[in-house]
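K.L.:
requesting a structural model of the entry that follows:
(one chain, ligands or ions: 1)
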Amino acid sequence: MAQTANGTTAYGVVAPPEALQSAAYLAPNTRLSIPALIETNAGLGISRRYDTGAIALPSGESMAASWSMDTSREAGVMIGDEARRLGFNVLLAGGVNLTRDPRGGRNFEYAGEDPLLAGSIVGAMIDGIQSQHVLSTIKHFAVNDFETSRMLASSNIEEGALRESDLLAFEIGIEIGHPGSVMTSYNRLNDTYTSENSYLLTDTLKHDWKYPGFVMGDWGGTHSTTRAMMAGLDQESAGTAYDSRHFFGEPLKEAVRSKNIPTSRIDDVAHRVLRSMFAVGLFDNPIYRRPLDVSHDRAVALTVAEQGIVLLKNQDSILPLMSGQNVAVFGGHADLGVLEGGGSANVIPIGGNVAPDPGPRVWYGPKTYLPDPPVKWLRQFQEQNKGHVTYDDGADLRRVSDLAAHADVAIVFVTQWSHEGADAASMTLPDHQDALIEQVAHANPHTIVVLENNVIPEMPWLTNIAGLVEAWYPGSAGGEAIARIVDGDVNPSGHLPLTFPVDTSQLPRPEIPGAGFDDAISIQMKQDQNVFYTEGSDVGYRWMERQNLKPQFPFGFGLSYSDFGITQIHANGLQASATALNRSKKDGTTVVQFYVRPPHGTKRLVGWARIFLAGHTSRDVTINIPRRSIARFDTQRHAWRVDAGDYDVYAGLDSSDLPTHTMLHINTTAWLEP
Ligand code: BGC
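P.N.:
Prediction:
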């Protein structure tokens, strides 16, 4: 097949109008009635539709913070439907790289640090996308949690740890979502580029996991012809638009002619591509372009945002606000809109980008604010009862003090922009926002901070503020979602899908050499270094346990306006149950989490239930413990091993507050297929 990317030519073919100048276009074969593959980004909405715009979902972390596979699937259905309506049948979605560092530039495209949670959430989303007859990828395979030097660096990790962490997230995501394609990452894995890594693509993905779909390279991530093809890469994605030269196309024909690549391998590629196209229904359901159903799609984005916002601090029940108060809002352009991440996942908003300073016109920009201003929604609520809401940009700290001191409540909106291609050098908030928070909090004890961020910030002001709301990048309906949480129309139910460390000293790698937001192109290329994953599979909360560290907020944490408790855990074989109770009169939703500590290591999430509990009611929750989640990958025998011994089983509302405990005894060591 011939292909073009971004409207440029590749393999001598000029992109026709139906290619829509998007990520890639693989021309149809009219003789055999094979439809074109028209590919677009990404997992948070349809990117770069300058003419129509599209609805942006909240970030992947927000989706994962809902701990709801139903919500994630519904989000996938929505963006899959938008893709088809806009003329695409492949969505480059499914980001499931585990977050190993809170400074990672693309964390907002991923689903947190735990393989079971991330794999489940992303798998459900892929399933939703493909239900719309749009083929989805899962990406970036694998161990690509950083942007700094992503084109050159090698992620070095021991095989057992690899299988138990990042690869486990992919394995689960593939089992649940059945993505038609797997996209490789840019980095090298244990020295070999992932697009040439036969351990990854052939031995693990295609052999051990029996993956029937095709593997595509990332744009600029293919480096060879025979090596890549024989390692298991099925498709070069971008030709010379990004790769250093064409590796497939003519060079591939030549490699077959000279017998470096057997024709059986080419048949295998064709089979894999066509099989996925049939499986997703691309032949039976041709693309049918129509206008978007904007109000429906915005409602989906609103639900995701409401379920994903996490209430982190609520001293003296400062939240929810009462109506009729005088509220002073500061910063974050909260009068204009809400922030979104940059890079290939950036969605052009319907109604246009309202950022006052969209930044340089580069591929990872523009800095985008979606036109759903929190201030508008907060104002509607307060004005119902003669309250009012003022907005100030926070630039003049003297004025800030004065305004804050005269308000009943002050809300500081904090924004931190991240994008593909660069990591943050530190966890410090940019643009002197720490000083703004300190100033407001000093003037008014009823200060609430709302975060719209990717990088998890250090919080030197945490003890001085009364309320803290993690809104992530909250998507097209983000302003309304934030206001509905703050005003109490929605009872917060989100729980963190990643650990919030106190500062970088708690991380396995406190320094990221070369990181920063100054020059995203050279940062990706300049460091030819190896990243050693000494934490192995002890990612995030497991690292904290291993090092005996207390994070700022633990994995799984999230407050509610209700008061929930967990009691009475029981384990019966690999089934665990516990009782969840709502001790308050306020109805609400919580996430009951189960963790197991195997005899050989740190505790890990083994299951959860997101449940609604009316005021003063209780409910028993039962989960099945997946054997892989408590197993070790035995590299000698190349199989999962569930050791005989005693396992601690816990239930609770976050990974560090686990009030009920029991033991599970496994009599004999068991082995599972790889
Ligand atoms: C990104 C991929 C994306 C591709 C196509 C690359 O820069 O890493 O995630 O799908 O571009 O736009």
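
K.L.:
can you pull the pLDDT of the residue in the stretch 401-550 of the chain positioned nearest to the ligand?
P.N.:
Closest to the ligand within the stretch 401-550 of the chain is E420: 6.1 Å, counting by CB to the nearest ligand atom. For the C-beta atoms, the positions are set from N, CA and C on the backbone; glycine is no exception. The confidence metric pLDDT takes the value 95 at E420.

K.L.:
ok, now which ones touch the nearest residue to F248 once chain neighbours are set aside?
P.N.:
Closest residue to F248 apart from its sequence neighbours, by CB to CB, 6 or more residues apart in numbering: E236 at 4.0 Å. Contact analysis of E236 by CB atoms under 8 Å, 6 or more residues apart in numbering lists 216-217, 222, 228, 243, 246-249.

K.L.:
I'd assumed R106 was in contact with the residue of the stretch 401-550 of the chain closest to the ligand.
P.N.:
Yes. E420 lies in contact with R106 (CB atoms under 8 Å); the separation is 5.4 Å.

K.L.:
who has more neighbours out of these two?
P.N.:
Legend: neighbour count by other CB atoms under 10 Å for E420 and R106, higher for R106 (28 against 22).

K.L.:
gap between the residue of the chain most remote from its centre and the ligand?
P.N.:
What lies farthest from the middle of the chain is S258; by CA atoms, centre = their mean that is 43.3 Å. With distances taken as CB to the nearest ligand atom, to the nearest Å, S258 is found 31 Å from the ligand.

K.L.:
pLDDT at that residue, what is it?
P.N.:
On the pLDDT scale, S258 gets 98.

K.L.:
circling back to that earlier point, chain neighbours aside, what residue packs nearest to the residue of the stretch 401-550 of the chain closest to the ligand?
P.N.:
G343 (2.5 Å).

K.L.:
before we move on, what about E383?
P.N.:
V389 (7.7 Å).

K.L.:
settle this for me: the one you found is touching S323, isn't it.
P.N.:
No. Using CB under 8 Å, V389 is not in contact with S323; the gap is 11.1 Å.

K.L.:
which one's more surrounded, these two?
P.N.:
A count of neighbours by other CB under 10 Å puts V389 above the other of V389 and S323, at 25 against 15.

K.L.:
which other residues reach the helix or strand harbouring the more buried one?
P.N.:
Using DSSP states H and E, V389 falls within strand 388-392. Identification of contacts with strand 388-392 by CB under 8 Å, 6+ apart yields 326-331, 334-335, 375, 378-379, 382-383, 399-400, 403, 407.

K.L.:
list the neighbouring strands of that strand plus their orientation.
P.N.:
Using DSSP bridges, the strands paired with strand 388-392 are strand 326-330 (parallel).

K.L.:
quick check: mean pLDDT across the partner strand?
P.N.:
The model assigns strand 326-330 a mean pLDDT of 98.

K.L.:
quick one: that strand to chain centroid distance?
P.N.:
Centre-to-centre, strand 326-330 and its host chain are 31 Å apart (CA atoms, centre = their mean, to the nearest Å).

K.L.:
same check, this time on stretch 383-401
P.N.:
Worked out by CA atoms, centre = their mean, stretch 383-401 lies 33 Å from the chain centre.

K.L.:
buried residues in it?
P.N.:
387, 389-392, 394, 397, 400 (16 or more other CB atoms under 10 Å).

K.L.:
could you give the average pLDDT over it?
P.N.:
Mean predicted confidence for stretch 383-401 is 97.

K.L.:
and what of stretch 438-447?
P.N.:
98.

K.L.:
and if you look at stretch 280-289?
P.N.:
Stretch 280-289 comes out at a mean pLDDT of 96.

K.L.:
which residues sit against it?
P.N.:
Applying CB under 8 Å, 6+ apart, the contact partners of stretch 280-289 are 33-35, 37-38, 84-89, 130, 133-135, 180, 277.

K.L.:
at 10 Å instead, please
P.N.:
18, 20, 33-38, 80, 83-90, 129-136, 178-181, 213, 274, 276-278 (CB atoms under 10 Å, 6 or more residues apart in numbering).

K.L.:
in strands only, show me the residues you listed.
P.N.:
If you go by DSSP state E, these have 37-38, 90, 135-136, 181 in strands.

K.L.:
partners of the residue nearest to E383 in the sheet?
P.N.:
For V389, the beta-bridge partners are V327 (DSSP bridges).

K.L.:
let's have the chain start at 31 instead
P.N.:
Shifting the count to begin at 31 puts that one at V419.

K.L.:
from the ligand, how far out is the residue nearest the centre of the chain?
P.N.:
Geometric centre of the chain, nearest residue: Y140, 2.1 Å, by CA atoms, centre = their mean. Using CB to the nearest ligand atom, one gets 11 Å for the distance from Y140 to the ligand.

K.L.:
settle this for me: L528 is touching F585, isn't it.
P.N.:
Yes. L528 is within contact range of F585, at 6.3 Å (criterion: CB atoms under 10 Å).

K.L.:
which bits of the protein sit near the ligand?
P.N.:
53, 71-72, 122, 169, 248-249, 374 (CB under 6 Å from any ligand atom).

K.L.:
buried residues of stretch 272-288, list them for me.
P.N.:
So for stretch 272-288, counting by 16+ other CB under 10 Å, buried means 272-273, 276-279, 281-282, 285-286.

K.L.:
can you give me the helices for the stretch 31-180 of the chain?
P.N.:
90-95, 99-116, 145-160 (DSSP state H, counting those that start in this stretch).

K.L.:
right, I'll leave it there.
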